[in-house]
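> Give me the fold of what follows.
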Amino acid sequence: MKLNMLLSDYLIWGLALVVLGFMLWGIRYPHWRQPWQAVIAHSISASAATILLFYVIIGLVDSIHFNVKLPQGGTELRSLLDISVRPFGEQTEETYSAPFSKHLFTESVIELANGEKTRGFSPLVYSQGNRRDILTRAARGFVFGLATGLIGFVIFTLIYRFYYKKSWRTRTIAWLSIWITLTGLCILVWMCALLATHYYILGTDKIGRDVFYETIKSIRTGLIIGTITTLFALPFALFLGTLAGYYRGWVDDLIQYAYTTLSSIPGVLLISASVLVLQTYMSTHAANYPTLAQRADVRLLALCFILGITGWASLCRFLRGETLKLRNLEYVDAARTFGVTQLRIILRHIIPNVFHIVIITLVLDFSLLVLTESVLSYIGVGVDPTTMSWGNMINSSRLELAREPVVWWPLLAALVAMFGLVLAANVVADAVRDAFDPYLRIQS
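I've put the predicted structure just below:
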């Protein structure tokens, strides 16, 4: 087993380390520490932040790849998540099977022991339990998860009292809500861990893959689309927005013309055209992408780049308007009087005072980008078909909704997982907006 990180792995881990470093740096300053304390001081936003962190941890674990030797020879690229959840990620059937079912969803020709053939529902290879075993495993997972949460709470309470010499209840952080949410997640993880190794808890898809496994693997794709896209969009918006607002004149007119023209083009058409050009290029230069994993990774990052360069206009417009107000304030005039260069004024006095808009906009756009990937994959111009994503799951399920009986579980699994991530991100985004917006802070 040899470490073999993809380019997207380096980017998402680099972004995570940058965010962590920024938080450790900002916690020393009250004007950064107090807004973030306000976010996790409320029960709902603290619980949502915990759920969002749970998604992020899964995505980061799935972003560490290794070359694993196969028993039959050769190697295969697998993530740390794939290795951790074995063997249920490797189990496959012939075709669809319903959640917790013991047989396939459709009839097929079955050969009996005496050699005769008949039509019926073939039994599954990896799911042969009964209802009593399912309830037993679920109850055991509930007990283990609850015990894990209680043990963690006791350890946290003792450490907190020993370190701070006081109770955690005196802090301005909603520790109780965080603990309740963590306990619920522990219960969910334990139940899924005990059931998924013996049953298809969310059924199988058309080619027999575990839908629960696909749902978990799709978290990484959603997080990459929602975060790496900001790496491409932020430099355009921050640089051009502050330049337009500070210099005004022909610079402002040129930048306004650029983002107004970009905003006038329908976003879906522009993204679709860019993706189709990329697909044509990759098809004619297939030798540059020797493996399917590299091809899928390049297409994923290219989609992030396309979304980034087509989605910076709104943030640029906000930053331009805020810079127009800041450039006429007294401390900026004082800096000019003392001979401070214009570049230094922008870097030291303008950008730090518009950064709350950057944080608010990026957090609010995260859930929108996750939904955008699903829509693009649904119309066939999203991520590579071999990449597991909620959009691909929805796209592959749409034709099955017209059959009788309906194959509903892949669509439901993707929607529930995406709903959990988007809802948690939206709740945290609302709390971040309320905490960082100076006008709301003054009114409160």
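> Which parts of the stretch 101-250 of the chain are strands?
Under the criterion DSSP state E, counting those that start in this stretch, the stretch 101-250 of the chain contains strands at 108-111, 117-120.
> tell me which residues in the last one are buried?
When burial is assessed from 16 or more other C-beta atoms under 10 Å, strand 117-120 yields no buried residues. C-betas here are computed from N, CA, C, even on glycine.
> quick revisit: closest to Q294 out of the strands of the stretch 101-250 of the chain?
For Q294, the closest of these is strand 108-111, at 36.5 Å, according to C-beta to C-beta.
> With respect to L70, which of the strands of the stretch 101-250 of the chain lies nearest?
Across these, closest to L70 is strand 108-111 (C-beta to C-beta), at 28.9 Å.
> So, low pLDDT: which residues of this protein?
Scanning the chain with the threshold set as pLDDT under 70 gives 111-115, 128-129, 163-171, 437-444.
> Which helix runs longest in it?
The longest helix of the chain (DSSP state H) is helix 211-247.
> Give the next helix or strand downstream of the helix or strand containing L364.
Using DSSP states H and E, L364 sits in helix 351-378. The first helix or strand that comes after helix 351-378 along the chain, using DSSP H and E, is helix 390-397.
> ok so, going back, quick one: which of the strands of the stretch 101-250 of the chain is nearest L399?
Judged by C-beta to C-beta, the one of the strands of the stretch 101-250 of the chain that comes nearest to L399 is strand 108-111, at 19.7 Å.
> Against which helices or strands is the closest one packed?
On a contact count with 3 or more C-beta pairs under 8 Å, 6 or more residues apart in numbering; DSSP states H and E, strand 108-111 meets strand 117-120.
> Looking at the strands of the stretch 101-250 of the chain, which is nearest to A16?
strand 108-111 (46.0 Å).
> The closest residue to I187 other than its chain neighbours and T95: what is the separation?
Nearest non-adjacent residue to I187, counting by C-beta to C-beta, 6 or more residues apart in numbering: G145, 3.1 Å away. Look at G145 and T95: by C-beta to C-beta, to the nearest Å, they are 33 Å apart.
> out of these two, which sits in the busier spot?
With neighbours defined as other C-beta atoms under 10 Å, G145 and T95 compare such that G145 has more, 23 against 16.
> and the gap between that one and W190?
To W190, G145 is 4 Å away according to C-beta to C-beta.
> Equivalent analysis for R433, please.
R433 sits 35 Å away from W190, going by C-beta to C-beta.
> The two: which is more packed in?
Remark: of R433 and W190, W190 carries more neighbours, 22 against 18, as counted by other C-beta under 10 Å.
> Would you confirm that that one contacts G141?
Yes: W190 is within contact range of G141, at 4.0 Å (criterion: C-beta atoms under 8 Å).
> which residues sit in contact with S377?
383, 389-392, 394-395 (C-beta atoms under 8 Å, 6 or more residues apart in numbering).
> cutoff 7 Å now
383, 389, 391-392, 395 (C-beta atoms under 7 Å, 6 or more residues apart in numbering).
> Can you give me the neighbour number for the residue lying closest to it once chain neighbours are set aside?
In this structure, S377 finds its nearest non-sequential neighbour in G391, 2.5 Å apart by C-beta to C-beta, 6+ apart. When neighbours are defined as other C-beta under 10 Å, G391 has 27 of them.
> mind checking how far G391 is from S264?
According to C-beta to C-beta, G391 and S264 sit 26 Å apart.
> Same question for L324.
L324 is 22 Å from S264, by C-beta to C-beta.
> ditto for F142
As judged by C-beta to C-beta, F142 and S264 stand 55 Å apart.
> And the helices in the stretch 1-150 of the chain, which stretches?
Secondary structure of the stretch 1-150 of the chain, counting by DSSP state H, counting those that start in this stretch: helices at 7-26, 30-39, 43-61, 80-84, 131-164.
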